[in-house]
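Engineer: Next one to model:
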Amino acid sequence: MVASVALLLGGAVQSSCASDPVETGLSYYNAGRYRDAVIVLSQAAMAHPASPVVHYHLGNALVKSGLHDQAIQEYELSYRLDPYSSVAQYCRMALHAYGRPSPDLAQAHVGPADGSPPFPEGWADQDVIRAKTVIRRQAAFEKSKQRASGEALASLAMRHAESDVLRIKEEMKEEMARAFEPPVLTMPTGRGVMTIPLPFNPDLARARAEEARQRAQEAERSVRKLAEMRAEQQRAYSKERECALDEVVSNLESQLEEPAGHSGVKLQPIGTDLYVRYYGYQRGSQLIPETRPAEMRIVGEHAKQNRLNDAASDTDRAPLRVERRVRGKLLR
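Structural biologist: Numbering: from 1, shown residues only. The predicted structure is shown next:
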């Protein structure tokens, strides 16, 4: 059932991808070359870790390859990256076919990590409370995206390493098989090519096969070690981004709680969130600058030219013809 869902949905959104690696992966998928599709789409996901569409197509290819646990991770990651993307509904359908619920991003924790009340007792400014709640919820969502992106990159690094390990093992098997092939000497003759069997030394063949096996094992260790290092780097970077978001939230909350300074300007709760800052004068502040009524008169281009001519001829100046008046207030 899950495979049929992946097959149906894989074609449903094929036209939404425009990058060459994704198109190549989809062509492999449609041709039934699912393992090749997994390799190419994994590389595309590594290049575009924040693309929900790429992770969705990778999940479909993993389903067809029989890698269901990894497919579930890709569907969940795609949905977490953007619950409103063009493939979000298909991800929910695929997860439902697996008996898995859709990730609920709405229940993000908005209070301090230590479990203390989210706001001090007696805090009366409802606008500030609402602003802090919105900021914390937005930060929780952004942190979940950072974690998902970090885990996706780490997983892709390990998956790419396993593909390299499989290639190394295949090359080792071929080299070991060649080591046990009887040696021959090929000589050209007037009638063609003559092949002369040479003595076969089984001890030498076993020694060459053992050397090939040891080189392959060393290469596997190096590939896995490098992949683990890259995966940890991705997780560490994701953690740094989460800590940076915590610092931004703490700074915004401090500014919302602080009183206005000498200028009367402070961060306003209305119009402020994680992405937008609105600085304005504190309501009731006595430091708001005083203003006075004023009027600006706009004259036409011909009036300015006449005034210049009058100044040049040193004659009586004609009154300016005002085309528009704008009334407002000016600072005293």
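
Engineer: Skipping its backbone neighbours, what lies nearest Gln43 in space?
Structural biologist: Pro21 (5.9 Å; C-beta to C-beta, 6 or more residues apart in numbering). Just so you know, the C-beta spots here come from the backbone N, C-alpha and C atoms, and that holds for glycine as well.

Engineer: The host helix or strand of the one you found - what's its average pLDDT?
Structural biologist: Pro21 belongs to helix 20-30 when assigned by DSSP states H and E. With pLDDT averaged residue by residue, helix 20-30 scores 88.

Engineer: That helix: how far from the chain's middle?
Structural biologist: Its chain's average C-alpha position is 21 Å from that of helix 20-30, according to C-alpha atoms, centre = their mean, to the nearest Å.

Engineer: packing partners for it?
Structural biologist: Here helix 20-30 touches helix 2-12, helix 34-47, helix 52-64, going by 3 or more C-beta pairs under 8 Å, 6 or more residues apart in numbering; DSSP states H and E.

Engineer: repeat that for 6 Å
Structural biologist: helix 34-47 (3 or more C-beta pairs under 6 Å, 6 or more residues apart in numbering; DSSP states H and E).

Engineer: quick one, the helix it packs on and helix 20-30 angle?
Structural biologist: 160 degrees (axes from the mean of the first three to the mean of the last three C-alpha atoms, to 10 degrees).

Engineer: what's the angle between helix 34-47 and helix 52-64?
Structural biologist: Helix 34-47 runs at 150 degrees relative to helix 52-64, counting by the same axes, to 10 degrees.

Engineer: helices or strands up against helix 34-47?
Structural biologist: helix 20-30, helix 52-64, helix 126-179.

Engineer: can you tell me which residues contact Ala154?
Structural biologist: Taking C-beta atoms under 6 Å, 6 or more residues apart in numbering, we find Ala154 in contact with 231, 234-235.

Engineer: CA-only coordinates of stretch 75-91 in CSV, if you can.
Structural biologist: Taking only C-alpha atoms (Å, rounded to 0.1, in the frame of the first residue of the first chain), the coordinates of stretch 75-91 have been written out as CSV:
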residue,chain,number,x,y,z
TYR,A,75,8.5,12.1,4.9
GLU,A,76,8.5,13.5,8.4
LEU,A,77,11.4,15.8,7.6
SER,A,78,9.7,17.1,4.5
TYR,A,79,6.5,17.9,6.5
ARG,A,80,8.5,19.5,9.3
LEU,A,81,10.4,21.8,6.9
ASP,A,82,7.1,23.2,5.5
PRO,A,83,3.7,21.9,6.7
TYR,A,84,2.1,24.0,3.9
SER,A,85,4.3,23.0,1.0
SER,A,86,2.9,21.5,-2.2
VAL,A,87,3.9,18.0,-1.0
ALA,A,88,2.8,18.3,2.6
GLN,A,89,-0.5,16.5,2.0
TYR,A,90,1.3,13.7,0.2
CYS,A,91,3.6,13.3,3.1
